[in-house]
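Asks: predicted model and sequence below, questions to follow.
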Amino acid sequence: MEFIREYADWFYLIGAVLFILTLRGLSGPKTAIAGNRYGMIAMAIAVVTTFFVAENPVVWMILAAMAAGAVVGIARARTVPMTQMPETVALMHSLVGLAAVLIAVAAIIHNNKLVELGPDLLAANGVTFHEMSKVHLFELFVGCFVGAITFTASVFAYGKLAAKKWAKTISGGWVKPVQALIFIAMLAAGIHFFLTGSMTSFWAMTGLALAFGWVWIAPVGGGDMPVVVSLLNSFSGWAAAGIGFTLENNMLIVAGSLVGSSGAILSYIMCKAMNRSIINVLFGGAMGGAAAPTVAAGAQVQRNYRSGSADDAGFLMSNADSVVIVPGYGMAQGRAQNAVKELANLLKEQGVTVRFAIHPVAGRMPGHMNVLLAEADVPYEDILEMDEINSDFPATDVVLVIGANDVVNPAAKDDPNSPIYGMPILEAHKARTIMVIKRSMATGYAGLDNDLFYNDKTMMIFGDAKKVVEDMTKAINGTGH
């Protein structure tokens, strides 16, 4: 349509503004729905406009790809449980990176084919040929290697979050030298491609970037995966922006830059919440999984803890004036958010003040707990961030921790030898009574034991989070057995 082609820049400008409004809307729970709608409209404008301004598009291939993507996307969105949302997000990032690599490869091959045909033959067929400039080669260099790193790093993050056997954490003194060697070789091949346009160097750079993405993320421990997911989100944005230059698509440049910058800012905020630098997270391997220092098997010190029942917990909470609920990955794993909402409502009916305390890195992805509570329609005003709630813990009668470990571990404040020492935590240990729902006394995702579980004020309640919370509700209702 000529109208769309003529005013394409205006449509792209409208889309860019809507994307900015999307990020603004997503900054708060009350405006998140509107933000999502702005994003959907912006993406629709971007896709339709690009479809009509593209030169000689192969329409059936585009429509077939869009239809296939829509079918897979809708099916996944309708069926994915919240426990699998983090790995789903990581997998989505990998597809953005792969798209960037494939576009760069297609652009290079297309250019080389035109060079082989020669300017005379192209001119005879009415094709105008412009040799790739250094700027164009640099755009391909950046877009391709960032996309390749994003692809394999995201695939590994998906495997680790989904507990796949092939996504094993690697450790040892050889890791950092290998990372440095691959990275330097990748840059050398990329610079040679930039200077000469050599296809051999291009393929070498791409292969090394794919390898680097894997070995770069493989040593990162499980406790740091929320930051990794956030950072990969940023990388996918920068990869998209880089390819936007290649395709000369202003909308893709703007959208990619917004995603890249917002993901980078979020990663910084999360690292600050952990009292660590992004370099330490990505290359330090201090927290998590197999990389974390743990006591050798069979040498663990037996410590005493106090356990109780759901009936005991129900009695204590129903007789409290204030209750703070701290959700963790255990709530997601047990799909207990709706049961928790019912428990909170019942306590409120009995005059108990109930609030939820959220740590920035709780769960397996940024905002994981907020998403779960929003799904259960927990009122926004009841959900408080760490900085808002920490000062209230000393005056709180009961804290109910549901499957959280590292974000409430007092070792972060008390033990200078702990890998998480200095990390800001939810200070649940200062409450008058602490109750913790866990399946067992096993360590959390970061591989660290938690002193909170052995506190004299703590009562451990073992079992599936949803079942335990439902039993608590029955006990308060007087319908328990």
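Replies: Yep, it's here.
Asks: so where's the stretch 351-481 of the chain shaky on pLDDT?
Replies: Residues of the stretch 351-481 of the chain that meet the criterion pLDDT under 70 lie in 444-447, 479-481.
Asks: just the strands in it please.
Replies: Using DSSP state E, counting those that start in this stretch, the strands of the stretch 351-481 of the chain run over 353-358, 383-385, 398-402, 433-438, 458-462.
Asks: now the angle between strand 398-402 and the last one, please.
Replies: Taking axes from the mean of the first three to the mean of the last three CA atoms, to 10 degrees, strand 458-462 and strand 398-402 form an angle of 40 degrees between their directions.
Asks: swap in the fourth one?
Replies: Between strand 433-438 and strand 398-402, the angle comes out at 10 degrees (the same axes, to 10 degrees).
Asks: show me the contact partners of strand 433-438.
Replies: Under the criterion CB atoms under 8 Å, 6 or more residues apart in numbering, residues 308, 313, 316-317, 320, 330, 397-403, 428, 452-453, 455, 457-463, 465, 468-469 lie in contact with strand 433-438. For glycine as for every other residue, the C-beta is placed from the backbone atoms N, C-alpha and C.
Asks: turn the strands of the stretch 351-481 of the chain into JSON lines, columns for distance to Ile253 and mean neighbour count.
Replies: Shown next, in JSON lines, are the strands of the stretch 351-481 of the chain (distance: least, CB to CB, whole Å; neighbours: other CB atoms under 10 Å):
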{"stretch": "strand 353-358", "distance to Ile253": "34", "mean neighbour count": "22"}
{"stretch": "strand 383-385", "distance to Ile253": "33", "mean neighbour count": "17"}
{"stretch": "strand 398-402", "distance to Ile253": "43", "mean neighbour count": "28"}
{"stretch": "strand 433-438", "distance to Ile253": "47", "mean neighbour count": "24"}
{"stretch": "strand 458-462", "distance to Ile253": "52", "mean neighbour count": "20"}
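Asks: ok, then the element right after whichever helix or strand Leu316 is part of?
Replies: Taking DSSP states H and E as the criterion, Leu316 maps to helix 310-318. As assigned by DSSP H and E, the chain's next helix or strand after helix 310-318 is strand 322-327.
Asks: just checking, what packs against the helix or strand that that following strand is followed by?
Replies: Counting by DSSP H and E, the next helix or strand C-terminal to strand 322-327 is helix 329-333. Under the contact criterion of 3 or more CB pairs under 8 Å, 6 or more residues apart in numbering; DSSP states H and E, helix 329-333 touches helix 368-375, helix 465-477.
Asks: out of those helices, which gets nearest to Ile358?
Replies: helix 368-375 (5.1 Å; CB to CB).
Asks: ok, residues contacting the closest one?
Replies: Residues lying outside helix 368-375 but in contact with it, judged by CB under 8 Å, 6+ apart, are 29, 32, 82, 85-86, 226, 327-329, 331-332, 337, 341, 356, 358-359, 362-363, 383.
Asks: go on, stretch 238-249?
Replies: 50, 96-97, 99-100, 103-104, 107, 136, 139-140, 142-144, 146-147, 150, 250-257, 259-260.
Asks: swap in stretch 71-84?
Replies: Contacts for stretch 71-84 (CB under 8 Å, 6+ apart): 88, 162, 332-333, 335, 337, 371-372, 375.
Asks: can you give the distance of that stretch from its chain's centre?
Replies: 16 Å (CA atoms, centre = their mean, to the nearest Å).
Asks: ok, now stretch 182-201?
Replies: 31 Å.
Asks: just checking, which helix or strand of the chain averages the lowest pLDDT?
Replies: Lowest mean confidence among the helices and strands of the chain (mean pLDDT, DSSP states H and E): helix 119-124, at a mean of 63.
Asks: give the next helix or strand downstream of that helix.
Replies: Next along from helix 119-124, by DSSP H and E: helix 134-161.
Asks: show the pLDDT at Gly242.
Replies: Reported pLDDT at Gly242 in the predicted model: 84.
Asks: helix or strand for it, which one?
Replies: Counting by DSSP H and E, Gly242 is part of helix 225-247.
Asks: pull the CA atoms of that helix into PDB?
Replies: Output of helix 225-247 as PDB, limited to C-alpha atoms (Å, rounded to 0.1, in the frame of the first residue of the first chain):
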ATOM      1  CA  MET A 225      20.300 -17.200  37.200                       C
ATOM      2  CA  PRO A 226      17.800 -14.300  37.700                       C
ATOM      3  CA  VAL A 227      20.600 -11.800  36.900                       C
ATOM      4  CA  VAL A 228      21.700 -14.000  33.900                       C
ATOM      5  CA  VAL A 229      18.100 -14.100  32.500                       C
ATOM      6  CA  SER A 230      17.900 -10.300  32.900                       C
ATOM      7  CA  LEU A 231      21.200  -9.800  31.200                       C
ATOM      8  CA  LEU A 232      20.400 -12.100  28.300                       C
ATOM      9  CA  ASN A 233      17.200 -10.100  27.900                       C
ATOM     10  CA  SER A 234      19.400  -7.000  27.500                       C
ATOM     11  CA  PHE A 235      21.700  -8.900  25.000                       C
ATOM     12  CA  SER A 236      18.800  -9.900  22.900                       C
ATOM     13  CA  GLY A 237      17.800  -6.300  22.600                       C
ATOM     14  CA  TRP A 238      21.300  -5.200  21.600                       C
ATOM     15  CA  ALA A 239      21.400  -8.000  19.000                       C
ATOM     16  CA  ALA A 240      18.100  -6.900  17.600                       C
ATOM     17  CA  ALA A 241      19.300  -3.200  17.400                       C
ATOM     18  CA  GLY A 242      22.500  -4.300  15.600                       C
ATOM     19  CA  ILE A 243      20.500  -6.200  13.000                       C
ATOM     20  CA  GLY A 244      18.200  -3.200  12.700                       C
ATOM     21  CA  PHE A 245      21.100  -1.200  11.300                       C
ATOM     22  CA  THR A 246      21.800  -4.100   8.900                       C
ATOM     23  CA  LEU A 247      18.200  -4.100   7.700                       C
END
